[in-house]
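S.K.: here is the input, now give the coordinates:
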Amino acid sequence: LDNIKADIKNIGPIIALSQFTMKSGLLEGDFHLGGLLSDPEFTGDFVVNDFVIAVPDYVAVDLTGKTVNIQARDNSFVIDDALFTHGKSQVGLDLEVLFDRWAFEELFIHVKTLNKTLVPAACIVPFLDIKANAACDLEMFLTTNSFSITGNVDTQDTIAYLSLGGSDDESDFKEEKKSDFTVKMDLTVNIAPKSKLFYPNQENPIIRGLVSANKPLHLVLDDSGFSITGDLSVKGGEILYLSRNFYLKEGRIVFDESAGNFDPTITFRAEIPERDEYGDVIKIILEADSQKLSNFNPILTSNPLRSDEEIRTLLGQAFLGDTVTSVGQAVGQLAVSGIDYLIQNSVFRQIENRLRDLLNFDIFSFRTQFFQQAFKQAFFSSSDNPNEETPESGEEQTKVLNAGNFFDNTTVYIGKYIGNTIYMDAMFSLIYKQDPEKLDEGKLVLQPELGLELPTPFVNIRWSIAPDITSAQNLWVPYTSISLSWKFTF
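M.R.: Numbering: from 1, shown residues only. From the prediction side, this is the model:
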């Protein structure tokens, strides 16, 4: 048969597999069919123009080959060193399709990104969903009842979603093991700096942070089960604990997991500024050392030092308000805090995302009690008991809300990588300092805290400064620190 012309989408159903799809293209060429009807032999040479293929489980976009040569030899169709593209992404493809008589038998694909370009990629495995721009070198082998993938992936601009055992992913994995179709995987994924991790989702995360790989993730799926090993360093982000968003200063997530026991080990240090009943700023520090994620039970300390009961009281005040004098006010404060929480995690989350993209920060977080203070002013401007006496001199005085007080404890946290190694972060807090003699007078004071982290072959060096900008004498030296940290693997 000479001068054959065909639309590739009409030939695609011959290889009806979800892991690989030939979507479109115009095939032209010559084809010879011989041998017995029960055992045919075919040879030929073809050219496919505008050849569009998809590997949906691992490549997030369709790939297009402008001109692709196909050879038919020994009952197989072979593509050698073809160039496929998507935008600026360039991918080299080797492919061989083998037929047993008239039936499809197996498919081999070798995919490799070229010229330091990246391709949008996705990898969904039990408990972990990774989306990224990736440089990859992968081999895939596909039959009618099995699929295997092996190779290396270097990711950038990664977004990863982490879940724990008992999820739908685990159920899906168990169902796949029971089916006749088997899947095997052996992937090494190296996660570059500036990657983002969310647990359990991006909409309402308990943990969100910037991560990079101390040790690449190794994903294995075989007859014995699924496993993940690896070690991620956390540079910045947030942890939601006791209805408060703590700012991550450092952390680590270690994976040595299987499908039957998926529970990463975490080490975190985070902090948040709060105010006590006297208006003093207390830095509450959250620390978890080598804890399982499912048993997250951090230790809370403070600077200046406070007891455990006082710290939890401070966090309770942040949730319930500064003072509650009646059941009615307690219910009202809970409602106010609930509304404030919804606003922070809906409206402000969208604003954060847009500002982060606009300003090109890697981390951008904004927290304010403006609405909580406004609601408190509206609902609790008068006492439940109109006959309540004013406190005598020397007793604790009631905080008076005014315009400046609305922005009390407003915090902005930003983090930015310089290149792929140096990490800078900054936290700016607005603190309302009330005049102890005139309750209706006070001023907002900016309290900055800046940090710079530089990894070296032996230790991580972190320089931090929290200057008192209201005092020229205390601007630098008293609030500067340098810390060295290192880790051991054993």
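S.K.: how near is F127 to S18?
M.R.: Separation of F127 from S18 (Cβ to Cβ, to the nearest Å): 22 Å. The C-beta positions use only the backbone N, C-alpha and C, and glycine is treated the same way.
S.K.: would you mind telling me which of these two has the busier surroundings?
M.R.: Neighbour count, other Cβ atoms under 10 Å: between F127 and S18, F127 has more, with 23 against 11.
S.K.: where in this protein is pLDDT low?
M.R.: 1, 12, 14-17, 165-179, 279, 316-346, 371-405, 435-441, 472-479, 487-490 (pLDDT under 70).
S.K.: report the central residue of this protein.
M.R.: L197 (2.0 Å; Cα atoms, centre = their mean).
S.K.: got a list of what that one touches?
M.R.: A160, Y161, L162, I207, R208, G209, L210, V211, L232, V234, G237, I253 (Cβ atoms under 8 Å, 6 or more residues apart in numbering).
S.K.: go with 10 Å
M.R.: Going by Cβ atoms under 10 Å, 6 or more residues apart in numbering, L197 touches 128, 130, 158-162, 191, 205, 207-211, 232, 234, 237, 253.
S.K.: quick one: it is in a strand?
M.R.: Yes - applying DSSP: H, G, I helix; E, B strand; the rest coil, one finds L197 inside a strand.
S.K.: quick one: it from L118, how far?
M.R.: 19 Å.
S.K.: try L98
M.R.: From L98 to L118 the distance is 31 Å (Cβ to Cβ).
S.K.: which of the two has more neighbours?
M.R.: More neighbours surround L118 than the other of L98 and L118, with 18 against 15 (other Cβ under 10 Å).
S.K.: sorry, back to before: now intersect the contacts of L197 with the strands, please.
M.R.: 128, 130, 158-162, 191, 207-211, 232, 234, 237, 253 (DSSP state E).
S.K.: quick one: the strands in the stretch 1-150 of the chain?
M.R.: Taking DSSP state E, counting those that start in this stretch, the strands of the stretch 1-150 of the chain run over residues 4-7, 21-35, 40-54, 63-73, 76-86, 89-100, 103-113, 119-125, 128-143, 146-162.
S.K.: in a markdown table, list these along with distance to K433.
M.R.: What follows is the strands of the stretch 1-150 of the chain, written out as a markdown table (distance: least, Cβ to Cβ, whole Å):
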| stretch | distance to K433 |
| --- | --- |
| strand 4-7 | 75 |
| strand 21-35 | 64 |
| strand 40-54 | 61 |
| strand 63-73 | 60 |
| strand 76-86 | 56 |
| strand 89-100 | 54 |
| strand 103-113 | 56 |
| strand 119-125 | 50 |
| strand 128-143 | 45 |
| strand 146-162 | 40 |
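S.K.: for the ones you listed, which one sits closest to N295?
M.R.: strand 146-162 (15.6 Å; Cβ to Cβ).
S.K.: show me what that closest one is packed against.
M.R.: strand 103-113, strand 119-125, strand 128-143, strand 182-191, strand 195-199, strand 207-222 (3 or more Cβ pairs under 10 Å, 6 or more residues apart in numbering; DSSP states H and E).
S.K.: how about that strand: buried residues?
M.R.: F147, S148, I149, G151, V153, D154, T155, Q156, T158, A160, Y161, L162 (16 or more other Cβ atoms under 10 Å).
S.K.: any chance of TSV for these, columns distance to Q434?
M.R.: Shown next, in TSV, are the buried residues of strand 146-162 (distance: Cβ to Cβ, whole Å):
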residue	distance to Q434
F147	66
S148	67
I149	62
G151	62
V153	55
D154	54
T155	49
Q156	48
T158	45
A160	44
Y161	43
L162	43
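S.K.: looking at it, I469 is touching Q447, isn't it?
M.R.: Yes - between I469 and Q447 there is a contact under Cβ atoms under 10 Å: 7.8 Å.
S.K.: the more surrounded of the two?
M.R.: Neighbours per residue (other Cβ under 10 Å) separate I469 from Q447, with Q447 holding more: 17 against 11.
S.K.: contact partners for that one?
M.R.: 273, 281, 411, 427-431, 466-470.
S.K.: can you do 7 Å?
M.R.: S429, I431 (Cβ atoms under 7 Å, 6 or more residues apart in numbering).
S.K.: tell me the secondary structure at it.
M.R.: strand.
S.K.: ok, now how distant is it from G415?
M.R.: From Q447 to G415 the distance is 18 Å (Cβ to Cβ).
S.K.: which stretches in the stretch 301-450 of the chain count as helices?
M.R.: 308-320, 327-344, 347-359, 370-379 (DSSP state H, counting those that start in this stretch).
S.K.: what's the burial count for I53?
M.R.: Considering only other Cβ under 10 Å, I53 is surrounded by 26 other residues.
S.K.: so in terms of bridging, what pairs with it?
M.R.: For I53, the beta-bridge partners are M22, L63 (DSSP bridges).
S.K.: just to check, it is in contact with M22?
M.R.: Yes - with contact defined as Cβ atoms under 7 Å, I53 reaches M22; the gap is 5.6 Å.
S.K.: a markdown table for the helices and strands packed on strand 146-162, including distance to Q350?
M.R.: Below are the helices and strands packed on strand 146-162 laid out as a markdown table (distance: least, Cβ to Cβ, whole Å):
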| stretch | distance to Q350 |
| --- | --- |
| strand 103-113 | 33 |
| strand 119-125 | 23 |
| strand 128-143 | 20 |
| strand 182-191 | 26 |
| strand 195-199 | 16 |
| strand 207-222 | 15 |
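S.K.: so who does H32 touch?
M.R.: Here H32 is in contact with F42, T43, G44 (Cβ under 7 Å, 6+ apart).
S.K.: surely the second one meets Q71?
M.R.: Same thing as T43. No - taking contacts as Cβ under 7 Å, T43 lies outside contact range of Q71: 8.4 Å.
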